[in-house]
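Peer 1: Sequence and predicted structure are below.
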Amino acid sequence: MTDVVAQERTTARDQTINLTSRGVPQEQKAARRPTQAQARKLLARSSQPRQLDAGAVQMVTPDRVRPWLQEVQPQALQQALTIEGEVLDESQS
Amino acid sequence: MNRKAKLLVAQAIVHKISAVMQRRGLAPVFAAWFLTEDQGQVWLFGVLDQSLIHKLEDYTRETLLHHLSTAIGGRPIYLSNRSGLRYAVLLSKPPRLPSKVNFPGVQRGQALLGQRYTGQPLRVPWPQLGHLLVTGKTGRGQI
């Protein structure tokens, strides 16, 4: 047989929990999630030693970064051509 | 510019880029920086750690790149995003194509097509040439 007083105490505690946590609207819960994620990320970031020397510049041969160069060199050339084309058009008008 | 001077310039740029990003509320989450020289061009690559980036578009905005470029004396910054995300800074002068190229003459077995921006002649052996399309604005000499 369950003790009525104990049962009432348990029910009251459960209702209190409902009011404080489960009663929070979904939107607020969702809004809180990224903040906790950000906090975890910041904590992880501060404990990563490689971040401390990430500002150090390493000299490498072009072959080590060839795919990156092949990606940006045409962009630089394209920009140079565009600027030269604009200068040419201005001088002709 | 010698190797040491290039590294010093690169280091200064790294600090400026990081400072601008912090001012804009972005964490400078660079995993590494690489400096290299190719065909007379000096490039600095800043490799971003994408696992630490919350919103990727914040790091690729045109306004951010413009702000960064201004902070480092107008040097152009390009996005390199094939498998990963990097900022590429051109430390040397931007490439320029010559406005006039002298006729290179005739070379047996070679099609002399013009000149690269590095100044080297652009030539292709005839058997490898295949089809050739010449385009250009009116009056630009494509004949």
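Peer 2: Structure received.
Peer 1: okay, now the residue lying closest to B:Pro76 once chain neighbours are set aside: neighbour count?
Peer 2: In space, and not counting its chain neighbours, B:Pro76 is closest to B:Leu90: 5.2 Å by CB to CB, 6 or more residues apart in numbering or on different chains. C-betas here are computed from N, CA, C, even on glycine. By other CB atoms under 10 Å in any protein chain shown, 20 other residues sit near B:Leu90.
Peer 1: Now B:Leu90. Its backbone dihedrals?
Peer 2: Phi and psi for B:Leu90, reported as degrees, to the nearest 10, are phi -90, psi 110.
Peer 1: measure it to B:Gln107 for me?
Peer 2: Plainly put, B:Leu90 is 33 Å away from B:Gln107 if you go by CB to CB, to the nearest Å.
Peer 1: pLDDT score assigned to the residue nearest to B:Pro76?
Peer 2: For B:Leu90, the pLDDT comes out at 94.
Peer 1: Kindly report the same for A:Arg33.
Peer 2: Listed pLDDT for A:Arg33 reads 53.
Peer 1: In terms of secondary structure, what does the least confident helix or strand in chain B by mean pLDDT contact?
Peer 2: Within chain B, no helix or strand scores below strand B:110-115, which has a mean of 85 by mean pLDDT, DSSP states H and E. Using 3 or more CB pairs under 8 Å, 6 or more residues apart in numbering or on different chains; DSSP states H and E as the contact test, the elements touching strand B:110-115 are strand B:121-125, helix B:126-129.
Peer 1: With mean pLDDT, mean neighbour count and distance to A:Pro67 as new columns, can these be given to me in a markdown table?
Peer 2: Shown next, in a markdown table, are those (pLDDT from 0 to 100; neighbours: other CB atoms under 10 Å in any protein chain shown; distance: least, CB to CB, whole Å):
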| stretch | mean pLDDT | mean neighbour count | distance to A:Pro67 |
| --- | --- | --- | --- |
| strand B:121-125 | 88 | 13 | 22 |
| helix B:126-129 | 89 | 10 | 24 |
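Peer 1: In CSV: these, plus distance to B:Ala111.
Peer 2: As requested, the helices and strands packed on strand B:110-115 are exported to CSV (distance: least, CB to CB, whole Å):
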stretch, distance to B:Ala111
strand B:121-125, 5
helix B:126-129, 5
